[in-house]
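> My questions concern the predicted model and sequence given below.
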Amino acid sequence: MSHNDSTPPSPARQETTNLLPKDISLSVNYLPTKFSSGLLSPGARRRKPKVDLSLPKQGGGREAFKSSEPRMPEEGDEDYDGVSGDWFGGKEGGRTRPRMRWNKFKWTLFVANVCLSVYALAGLISCLLTWFDVFEHADIVRVGNRTELILSTIAAAAATITSVVGWAGILLNNRSFLAYYTFFLWICFGLLVAPGYLTYKQRTFNLEGKINSQWSRNLGAAGRLRIQNRLHCCGYYSPFVEATVSQTCYARSVLPGCKAAYLHFERHVLGIWYTVVFSLVPLQILIILAGLLCSNHVTYRFGKGMMPKAYRLSFNSMAIIMDKYASQLAEQYGSDVASDILARSRSNLGLESSPCTPQTASVSSGSGVGAGRALEGTGM
């Protein structure tokens, strides 16, 4: 029986061999000189109290995105935008007060969202006052223009909620919120133009015929009574034509018919309605453009400010890197110098408990590169 069949593989090599590609960082393809200076020379770079200067900084929330601030994310660290800590991105157990320096993109978003908030709240308040019958002729709108009023209320409520999402993204520098904010702006645009289109079409194309059909077919007795009470009229043409009997509307009533007053009211209200809606369309388009162009630049930080997951270092990846580093050191300086450097590197980086690969184990034991290659050939 050959030596390969009789000798079982070492636990270190078996553990390294069983690693899946997703468990190994893509940083293993780079030379150690390409990493940050915090990994290569863990000296006293940042003199802060109660900070372990021998290790790269981990975590940190929004403070990690400061200028000249390196960061090594912990395993499972997803604090991309600084909102997983205390309120408004502060650190756990303390308060963080970042510098209040807004760039021009953030100011553009701020002004755009102010405009959105103002017209959304104004529209929502107007719709609610109409529903609560606060205005003199609000009941006529609730009866004769119910569909348009419902769409306007939904549009105003959606714009208000979108503005709240925008404020959260702007004040927290959260690009995820701003992405949803930009998407919801398109929905608000569609909801905005819908009542404007309906009111314009109703007023422009044969309004009188539509009023005639609505009075005789859609309003019903209760709807005609509410319009008669508000416009102080009786019947459509006269008390004898499609009238709803009440204390003021009966056969001998001297009140005029409702057609002229109702037609004049509808023409006036519908004209104001679509004029206001269409006047807000250019503003809404500008707000959408501001969201599209500025939401990803709310800070000057590129991307999310963190190393991508595929390039984050883990103990398994560091073991492979140390293996490559050991072979280079052994070839240049010999096994004794390589083992001494590797021992100090493991101590400084806190990798004493990390798995050892066959190459680093062979260098540490003083067997050199040739012994490491021999072990590879024998399968140990």
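Now that the structure is in, tell me what you want to look at.

> Any regions of the chain where pLDDT drops low?
1-100, 301-307, 346, 348-380 (pLDDT under 70).

> repeat that for 80
For the chain, the stretches flagged by pLDDT under 80 are 1-101, 299-326, 329-330, 333-334, 337-380.

> Walking through the stretch 101-250 of the chain, point out its helices one by one.
Remark: helices assigned in the stretch 101-250 of the chain by DSSP state H, counting those that start in this stretch are 104-131, 138-144, 146-172, 175-204, 207-213, 220-231.

> and the fourth one, what other elements does it pack with?
In other words, helix 175-204. helix 104-131, helix 146-172, helix 259-294 (3 or more CB pairs under 8 Å, 6 or more residues apart in numbering; DSSP states H and E). To be clear about C-beta, it is placed using only N, CA and C from the backbone, and glycine gets the same treatment.

> Would you mind finding the most buried of these?
For the helices and strands packed on helix 175-204, the largest average neighbour count (mean count of other CB atoms under 10 Å) is found in helix 146-172, namely a mean of 20.

> Please report how far the closest residue to Leu198 other than its chain neighbours lies from Gln202.
Once flanking residues are discounted, Leu198 sits nearest to Glu148: 5.3 Å by CB to CB, 6 or more residues apart in numbering. Shown here: Glu148 relative to Gln202, a distance of 8 Å by CB to CB, to the nearest Å.

> repeat for His232
His232 is 24 Å from Gln202, where distance means CB to CB.

> which residues of the stretch 251-380 of the chain fall in strands?
Under the criterion DSSP state E, counting those that start in this stretch, the stretch 251-380 of the chain contains no strands.

> count of residues packed around Glu331?
By the measure other CB atoms under 10 Å, the count of residues near Glu331 is 12.

> Val269 versus Leu293, what's the distance?
Leu293 is 37 Å from Val269, by CB to CB.

> do the same with Ser279
On the measure of CB to CB, Ser279 and Val269 end up 16 Å apart.

> Would you reformat the helices and strands packed on helix 175-204 as TSV and include distance to Arg252?
Formatted as TSV, those follow (distance: least, CB to CB, whole Å):
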stretch	distance to Arg252
helix 104-131	35
helix 146-172	33
helix 259-294	20
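
> And those: which comes nearest Gln214?
helix 259-294 (9.2 Å; CB to CB).

> Can you name every helix or strand that the closest one contacts?
Counting contacts by 3+ CB pairs under 8 Å, 6+ apart, helix 259-294 packs against helix 104-131, helix 138-144, helix 146-172, helix 175-204, helix 207-213, helix 220-231.

> Measure how the last one sits relative to helix 146-172, angle-wise.
So the one you mean is helix 220-231. 70 degrees (axes from the mean of the first three to the mean of the last three CA atoms, to 10 degrees).

> Just the residues contacting helix 220-231, thanks.
136-137, 139-140, 143-144, 215, 219, 233-235, 242-244, 246, 248-249, 255, 258, 261-262, 265 (CB atoms under 8 Å, 6 or more residues apart in numbering).

> If we go by neighbour counts, what in that helix is buried?
Gly223, Arg224, Leu225, Arg226, Ile227, Gln228, Asn229, Arg230, Leu231 (16 or more other CB atoms under 10 Å).

> Okay, angle between it and helix 259-294 too, please.
Using the same axes, to 10 degrees: helix 220-231 against helix 259-294 is 90 degrees.
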